[in-house]
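[1] Have a look at this prediction, sequence included:
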Amino acid sequence: MEKRDERLAVVAGGAGFIGSHLVDHLIGDGMRVICIDNFQTGRFDNIRHLEHEPRFDLIDADVTDPLSGKLTRSGSTPDFVFNLACAASPPHYQADPEHTLMTSVLGTRNLLHLCETAGARFLLASTSEIYGDPEEHPQRENYWGHVNPTGPRACYDEGKRAAETLAFDFLRARRADVRVARIFNTFGPRMRADDGRVVSNVITQALAGDDITIYGSGDQTRSFCYVDDLVRGLMALMTYKGTYRGAINLGNPHEMKVRELAQRVVEMTGTRSLITFRPLPVDDPRRRRPDIALAKKVLGWEPSVSLDVGLEKTIEHFMAVAKAAVRFPLMRPSSRRRRSQSAERDVAAP
């Protein structure tokens, strides 16, 4: 890896919910960042504040396509490549299951080839969904999971499992320095109101005064990690200098029932919304809680933001979005973005 005064990070999916927070952190840490996004679920509004940032470049591209003509910039090679490119909520990844699967498989392969050529370090944003509807609780990294390989969630679950396979094959062959984070439920500002996940659903329905929809009995559990904590974990994993190279869970081990989350949001927003129940979707996990003992031991990482503090910030975000929609009713979030002037520059790819 060539030595430079300024490190370069490539963030695939950098206009998404988690990706945009990661981009902010990297730039705040003094790095130069190239964001790759096809804006299938990412939004330009998430990175609009970086439009005139000299250390930020945006490339409108799909990681399933070859990256070599889009990511080449003479004399400049990335130090870090973060792969967060994939729709992550069931309504979005099930809308185009073929593309979801190919994003995990072909996209990961393309980014791994970039790392192999550039000598960059690679981090795969994997998911707790690789554990499926788990029969082990809490979930540890050595648990192989209980996944339906032909169900409606398989395009995402099995896609991420295949992406991990590719990453570790490159690692074993010493073709790339690989890190794999298994991310559990994450929430915070910049979540999409329509992403179909429980936190955004409950908050937006509560703020609108609509009935709050709970799927199943509401007794199924989740563990919610605030986005700032997760970004710290991703950075700790990417910059880790020890010898451990297996997957690491990143999430908050505080487990709660979905209906308890809904009731908490009702109390915090003061809404008069009623909680209603609908059938549980196919293959929806009944319990989900990470064992983060490995993250504590290896990375010295654990979440620090409480659920209430995180919910307050997330509620404030959705309130601001709602107020902006009322104030500027004819303005819609950008569906297409400006392509960076440097979009056709090279980042030393094959």
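    Thanks, I have it. Numbers count the residues shown, from 1 in each chain.

[2] from here on, contacts and neighbour counts on C-alpha atoms
    OK.

[3] any idea of the mean pLDDT for the helix or strand containing residue 123?
    Element membership of residue 123 [criterion: DSSP states H and E] is strand 121-127. Rounded to a whole number, the mean pLDDT of strand 121-127 is 98.

[4] repeat for stretch 130-150
    Stretch 130-150 shows a mean pLDDT of 96.

[5] just stretch 266-278 next, same as before
    Over the span of stretch 266-278, the pLDDT mean works out to 96.

[6] list the buried ones in it?
    Residues of stretch 266-278 classed as buried under the neighbour-count rule (16 or more other CA atoms under 10 Å) are 266, 269, 271, 273, 275.

[7] ok, which pair from those residues is furthest apart?
    Maximum pairwise distance among the buried residues of stretch 266-278 (CA to CA): 13.8 Å, between 269 and 275.

[8] Which strands border the strand holding residue 123, and is each parallel or antiparallel?
    According to DSSP bridges, strand 121-127 has the following sheet partners: strand 80-83 (parallel), strand 177-183 (parallel).

[9] Beyond the first one, next helix or strand please.
    Secondary structure here is assigned by DSSP H and E; on that basis, the next helix or strand after strand 80-83 toward the C-terminus is helix 90-93.

[10] Give me the buried positions along that following helix.
    By 16+ other CA under 10 Å, the buried positions in helix 90-93 come out as 90, 92, 93.

[11] next one: stretch 219-227
    Going by neighbour count (16+ other CA under 10 Å), the buried part of stretch 219-227 is 220, 221, 222, 223, 224, 225, 226, 227.

[12] and the closest residue in space to the second one that isn't next to it in sequence, how many neighbours does it have?
    Right, residue 221. Spatial nearest neighbour of residue 221, excluding adjacent residues (CA to CA, 6 or more residues apart in numbering): residue 257 at 4.3 Å. The criterion is other CA atoms under 10 Å. On that basis, residue 257 has 17 neighbouring residues.

[13] Residue 257 reaches residue 222, doesn't it?
    Yes. Using CA atoms under 8 Å, residue 257 and residue 222 qualify as a contacting pair, with a distance of 6.5 Å.

[14] hang on, the earlier thing: take the strands paired with strand 121-127 and write them to a markdown table, including distance to residue 156.
    Formatted as a markdown table, these follow (distance: least, CA to CA, whole Å):
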| stretch | distance to residue 156 |
| --- | --- |
| strand 80-83 | 15 |
| strand 177-183 | 13 |
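
[15] what's the closest of the ones you listed to residue 129?
    That would be, of the strands paired with strand 121-127 and by CA to CA, strand 177-183, which comes in at 8.4 Å.

[16] And the closest one, how far out from the chain middle?
    12 Å (CA atoms, centre = their mean, to the nearest Å).

[17] State the mean pLDDT of it.
    What strand 177-183 shows for mean pLDDT is 98.

[18] follow-up on the earlier one: compile the buried residues of stretch 266-278 into JSON lines and extend it with columns for secondary structure.
    Shown next, in JSON lines, are the buried residues of stretch 266-278 (DSSP: H, G, I helix; E, B strand; the rest coil):
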{"residue": "266", "secondary structure": "helix"}
{"residue": "269", "secondary structure": "helix"}
{"residue": "271", "secondary structure": "coil"}
{"residue": "273", "secondary structure": "coil"}
{"residue": "275", "secondary structure": "strand"}
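
[19] from the residues you listed, which is closest to residue 37?
    residue 269 (33.6 Å).

[20] ok, now which ones touch that closest one?
    Residue 269 is in contact with 206, 207, 315, counting by CA atoms under 8 Å, 6 or more residues apart in numbering.

[21] related to what we said a few turns ago, make CSV out of the strands paired with strand 121-127 and add mean neighbour count and distance to residue 98.
    Conversion of these to CSV gives the following (neighbours: other CA atoms under 10 Å; distance: least, CA to CA, whole Å):
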stretch, mean neighbour count, distance to residue 98
strand 80-83, 24, 18
strand 177-183, 23, 22
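
[22] where along the stretch 201-350 of the chain do the helices fall?
    Secondary structure of the stretch 201-350 of the chain (DSSP state H, counting those that start in this stretch): helices at 227-238, 258-269, 293-294, 307-327.
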